[in-house]
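Q: Structure of the sequence below:
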Amino acid sequence: MTQRQPVAVVTGASRGIGRAIAEHFSAQGHAVIGTSRSAPGAGAAPPGVEMMQCDVTDAAQVDELFASVRRRHGRLHVLVNNAAIAGGAPFGSDAEAEEWGPMLATNLTGTWACCRAARELLVDGEGRIVNISSILGLRGVADQLAYAASKHGVIGLTRSLAHALGPRGITANAVCPGWVATEMALGRLEDLGLTQAQAAALTPTGRFSEATEVAALVGFLASRAAANITGQALSIDGGALA
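A: Numbers count the residues shown, from 1 in each chain. Okay, the predicted model is just below:
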C-alpha cells in the first residue's frame, strides 16, 4: 500500500521565516498550503507551495482555510503557526495602547484559532503543531509589552495543547527565535537605531540565525524522531539567553 503524501499548513508563509519553513516542508515531500494576510501576488508563492489568503484574526477566513484542507486532503500532519506582527512602543504611550489589541489578536488569538480549527484534521499518532514564539516569549523588554505578552502567551498555549492533544499522539512545541536575518528583523533594527553587527555582537555566536536554520528546527520537531518531544519551548538565538 502506498503511503499518502503528508500535508502541512504554514501561516505567514509569504516571506522570511514562514517562507523558509514552507519551502523546507515542500522539499521534504509534503503537500504544503501557505497563507498570507493579503492576496498572494503572481510569483509570490514559494516553490512547491500553494498559497491561500488568510488573515488569522478573521474567524471566517480561518474556518475556510481548514475547510479547504479537509475538502482537498481530508487530513493534516503538520500545522506551523508563524503569522505574526511585531512592533514596540514605550509603556504608557498612545502607540502602545494602539498596538496591544492587534498584536494579541494576531500573534496569540490567531494561533489559538488555527489550532482549534485544525484539531480534528490532525492525524492521531502523527500530528504536529509547531508555534513560532520568540525569545521575547521567555524574557521581557521594556518597550515591547504587547509583543512579549503575546509571545509568552503562545508558549503557555503550546504547553496546554501538549496536554490536550497528547492522548491522541499529537505533539505541540514552540520555537523561540532570536534575531533572524529577515526583512522584518532588519526593519525592527532600524526602528531601534541598531546595525545588524551591533545586535549580533550581543550573542555568543556573534551572528544572526538564518531563516533556513529556524526551518530545520521546525522540521525536526515535526519529524518522527521528535515524536516524544512535546510542550517544549526551544530557543534558536545564538546563545542570547544563555
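Q: give the contact list for the closest residue in space to Glu210 that isn't next to it in sequence.
A: Of all residues not flanking Glu210 in the chain, Ala181 sits nearest, at 5.9 Å (Cβ to Cβ, 6 or more residues apart in numbering). C-beta: built from backbone N, CA, C; applies to glycine. The contact partners of Ala181, taken as Cβ atoms under 8 Å, 6 or more residues apart in numbering, are 196, 208-211.
Q: Try it again at 10 Å.
A: Neighbour list for Ala181: 16, 196, 200, 207-213 [criterion: Cβ atoms under 10 Å, 6 or more residues apart in numbering].
Q: so where's this protein uncertain?
A: Along the chain, segments meeting pLDDT under 70 span 1-3, 40-44.
Q: now the residue nearest the centre of the chain: how far from Glu96?
A: Nearest to the geometric centre of the chain sits Asn82, at 2.2 Å (Cα atoms, centre = their mean). For Asn82, the distance to Glu96 (Cβ to Cβ, to the nearest Å) stands at 24 Å.
Q: For the protein, just list every one of the helices.
A: Assigned by DSSP state H, the chain shows helices spanning 16-27, 59-72, 94-104, 110-118, 145-165, 183-192, 196-200, 211-221.
Q: closest to Ala233 out of these?
A: helix 145-165 (4.8 Å; Cβ to Cβ).
Q: Could you give me the buried positions within that closest one?
A: 145-155, 157-159, 161-162, 165 (16 or more other Cβ atoms under 10 Å).
Q: Keeping just the C-alphas, turn that helix into CSV.
A: Coordinates of the C-alpha atoms in helix 145-165 are reproduced here as CSV (Å, rounded to 0.1, in the frame of the first residue of the first chain):
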residue,chain,number,x,y,z
LEU,A,145,5.0,44.8,26.2
ALA,A,146,2.4,43.7,23.7
TYR,A,147,4.8,41.6,21.6
ALA,A,148,6.3,40.0,24.7
ALA,A,149,2.9,39.3,26.2
SER,A,150,1.7,37.7,23.0
LYS,A,151,4.7,35.5,22.6
HIS,A,152,4.7,34.4,26.3
GLY,A,153,1.0,33.5,25.7
VAL,A,154,2.0,31.4,22.7
ILE,A,155,4.2,29.3,24.9
GLY,A,156,1.5,28.9,27.5
LEU,A,157,-0.9,27.9,24.8
THR,A,158,1.6,25.4,23.4
ARG,A,159,2.2,23.7,26.8
SER,A,160,-1.6,23.4,27.3
LEU,A,161,-2.0,22.0,23.8
ALA,A,162,0.6,19.3,24.7
HIS,A,163,-1.7,18.1,27.5
ALA,A,164,-4.9,18.4,25.4
LEU,A,165,-3.6,16.6,22.4
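Q: one step back: now the helices of the chain in a markdown table, please, with extra columns for distance to Ala45.
A: Converted to a markdown table, these look like this (distance: least, Cβ to Cβ, whole Å):
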| stretch | distance to Ala45 |
| --- | --- |
| helix 16-27 | 9 |
| helix 59-72 | 15 |
| helix 94-104 | 26 |
| helix 110-118 | 19 |
| helix 145-165 | 26 |
| helix 183-192 | 17 |
| helix 196-200 | 28 |
| helix 211-221 | 16 |
